[in-house]
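**Q** The sequence isn't on hand, but the structure is:
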RNA sequence: GGAGUUGUCUAGGCCG
């Protein structure tokens, strides 16, 4: 933004592309107010915002969980005579699907056709994914048929979505058939395709298949990602093999897959499960040293583990650190914290945590 | 002519 202001100072006129870039960047960082200010600046200025401007802001609002603001922005778009495009609809359809409102999402699909706004592969993939998650298999399949009829070809993301959906329903063999199918259709599987399968095999305790899928992935020249390793580390941790998990942590770094918040959280959970609370705590230190920020899930894992392990005092310290570092947990997380303190026979801590909720103006449920 | 917006994989606790 400073560079941006300098640019204006020195007589350079920013165009809509610059504004869009800034707005989407601000949205990524959750700075919706600043982004909205830029939109106003654009509306009041001489170069008009376009669909991409609104799309970026609508998406930013939805990602931040602020649906009202997203809809207001959408209305503003319509009022200002800017026509929603396929991306606008895709963004809204994705949001509706994630809210479980697949009927409304389907209505938007109809609206698109009426407005000569052609649904694309994103539209259908998003919708089918939402329908699968809602358990509406028939409609998912008829939507797929419709997609094909409209001449819209599935891409690697569409196949990945199908493969993962099948895996999650325990239909791994059907998923494997689709793996062959996509290749036959000239669509090469990517890292996520294999990740979905490997994870599913691990869940199903079919270790041999998981490892052979991993080998196949490498053979095909597909590199494992951080998510691949996270899945493997999680499987080792569930099995109590935390030392092996640490070896994988080394290996992944060597292969350019950098551990992320999930990697460390998985390890922390594994260490508690294996009764190694000290290692769990030093993993927190290690992750911070490596520039990886703990999030609410990380803290909840630690706090729960410490409470169950009879160390509620340290847990309470972490509650403070968490609130300072990543903000307030929501009501459900507070509930489980309180539960943890009771489990550790520390009613006093449970009550003081409860008091915090009330003081924060957050309603206990 | 170029640039900016949307979909798929992996972690924890409480309650159902």
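**A** Yes, it's here. Worth saying up front: this structure is predicted, and the values here are computed from it rather than measured. Residues are numbered from 1 along each chain as shown, chains lettered A, B, ... in the order given.
**Q** alpha carbons only for contacts and neighbour counts from here, please
**A** Fine.
**Q** The helix ranked longest in chain A - contacts with which helices or strands?
**A** The single longest helix within chain A, with elements called by DSSP state H, is helix A:312-326. With contacts defined as 3 or more Cα pairs under 8 Å, 6 or more residues apart in numbering; DSSP states H and E, helix A:312-326 has these neighbours: helix A:296-308.
**Q** could you check whether the helix it packs on is close to RNA strand B?
**A** Yes. Helix A:296-308 is in contact with RNA strand B by Cα under 7 Å from any atom of the strand, via A:296, A:297, A:298, A:300, A:301, A:304.
**Q** about what we covered before: show the average pLDDT along the longest helix of chain A.
**A** For helix A:312-326, mean pLDDT is 93.
**Q** what does stretch A:164-171 give?
**A** 95.
**Q** Residue A:87 is in contact with residue A:56, isn't it?
**A** No. Using Cα atoms under 8 Å, residue A:87 is not in contact with residue A:56; the gap is 9.7 Å.
**Q** ok, these two, which is more surrounded?
**A** Higher neighbour count among residue A:87 and residue A:56: residue A:56, with 23 against 20, using other Cα atoms under 10 Å.
**Q** mind listing what that one touches?
**A** Listed by Cα atoms under 8 Å, 6 or more residues apart in numbering, the contact set of residue A:56 reads A:20, A:23, A:24, A:27.
**Q** show me which of those neighbour RNA strand B.
**A** Answer for those near RNA strand B (Cα under 7 Å from any atom of the strand): A:20, A:24.
**Q** Looking at the contacts of residue A:56, spot the one nearest RNA strand B.
**A** Lowest distance from RNA strand B to those (Cα to the nearest atom of the strand) belongs to residue A:20, with 4.6 Å.
**Q** Next secondary structure element downstream of the regular element (helix or strand) spanning the closest one?
**A** For residue A:20, the host element (DSSP states H and E) is helix A:16-28. Using DSSP H and E, the helix or strand that follows helix A:16-28 in sequence is helix A:32-44.
**Q** hmm, who's touching that next one?
**A** Applying Cα under 8 Å, 6+ apart, the external contacts of helix A:32-44 come out as A:16, A:19, A:22-24, A:26-27, A:48-49, A:53, A:57, A:60-61.
**Q** from the middle of its chain, how far away would it be?
**A** Remark: helix A:32-44 is offset 26 Å from the chain centroid, using Cα atoms, centre = their mean, to the nearest Å.
**Q** After it, which helix or strand is next?
**A** Next along from helix A:32-44, by DSSP H and E: helix A:51-63.
**Q** Tell me the helices and strands packed up against the helix holding residue A:20.
**A** Secondary-structure packing of helix A:16-28 (3+ Cα pairs under 8 Å, 6+ apart): helix A:32-44, helix A:51-63.
**Q** at 10 Å what do you get?
**A** helix A:2-9, helix A:32-44, helix A:51-63 (3 or more Cα pairs under 10 Å, 6 or more residues apart in numbering; DSSP states H and E).
**Q** which parts of the second one are buried?
**A** So that's helix A:32-44. Residues A:32, A:35, A:36, A:38, A:39, A:42 are the ones in helix A:32-44 that count as buried (16 or more other Cα atoms under 10 Å).
**Q** Looking at the residues you listed, which is nearest residue A:144?
**A** Of all the buried residues of helix A:32-44, residue A:144 sits closest to residue A:32, with 35.4 Å by Cα to Cα.
**Q** Report the contact partners of the spatially most central residue of chain A.
**A** For chain A, the residue nearest the mean C-alpha position is residue A:63 (9.7 Å; Cα atoms, centre = their mean). Residue A:63 makes contact with A:27, A:28, A:30, A:57, A:70, A:95, according to Cα atoms under 10 Å, 6 or more residues apart in numbering.
**Q** Tell me how many other residues surround the fourth one.
**A** Under the neighbour criterion other Cα under 10 Å, residue A:57 is assigned a count of 26.
**Q** for the last one, same thing?
**A** Residues lying near residue A:95 (other Cα under 10 Å) number 21.
**Q** Skip the chain neighbours and tell me the closest residue to the residue in the stretch 251-365 of chain A that RNA strand B sits nearest to.
**A** In the stretch 251-365 of chain A, the residue found nearest to RNA strand B is residue A:333; the distance is 3.0 Å by Cα to the nearest atom of the strand. Excluding the flanking residues, the one nearest residue A:333 by Cα to Cα, 6 or more residues apart in numbering is residue A:300, at 7.5 Å.
**Q** ok, now how distant is residue A:118 from residue A:362?
**A** Per Cα to Cα, to the nearest Å, residue A:118 is found 44 Å from residue A:362.
**Q** more neighbours, these two?
**A** When neighbours are counted by other Cα under 10 Å, residue A:118 comes out ahead of the other of residue A:118 and residue A:362, with 16 against 12.
**Q** Now do the contacts for the more buried one.
**A** Applying Cα under 10 Å, 6+ apart, the residues near residue A:118 are A:85, A:86, A:87, A:89, A:109, A:112, A:150.
**Q** tally of neighbours for the second one?
**A** Here the neighbour count serves as a burial measure; for residue A:86 (other Cα under 10 Å) it reads 20.
**Q** Same check on the fourth one?
**A** Residue A:89 is surrounded by 21 other residues when neighbours are defined as other Cα under 10 Å.
**Q** I figured it hits residue A:97, correct?
**A** No. With contact defined as Cα atoms under 10 Å, residue A:89 does not reach residue A:97; the gap is 12.0 Å.
**Q** list residues touching both of those two?
**A** Counting by Cα under 10 Å, 6+ apart, the contacts common to residue A:89 and residue A:97 are residue A:105.
**Q** now for the helix or strand containing residue A:356, which elements pack on it?
**A** For residue A:356, the host element (DSSP H and E) is helix A:347-359. Packing partners of helix A:347-359 (3+ Cα pairs under 10 Å, 6+ apart): helix A:312-326, helix A:331-343.
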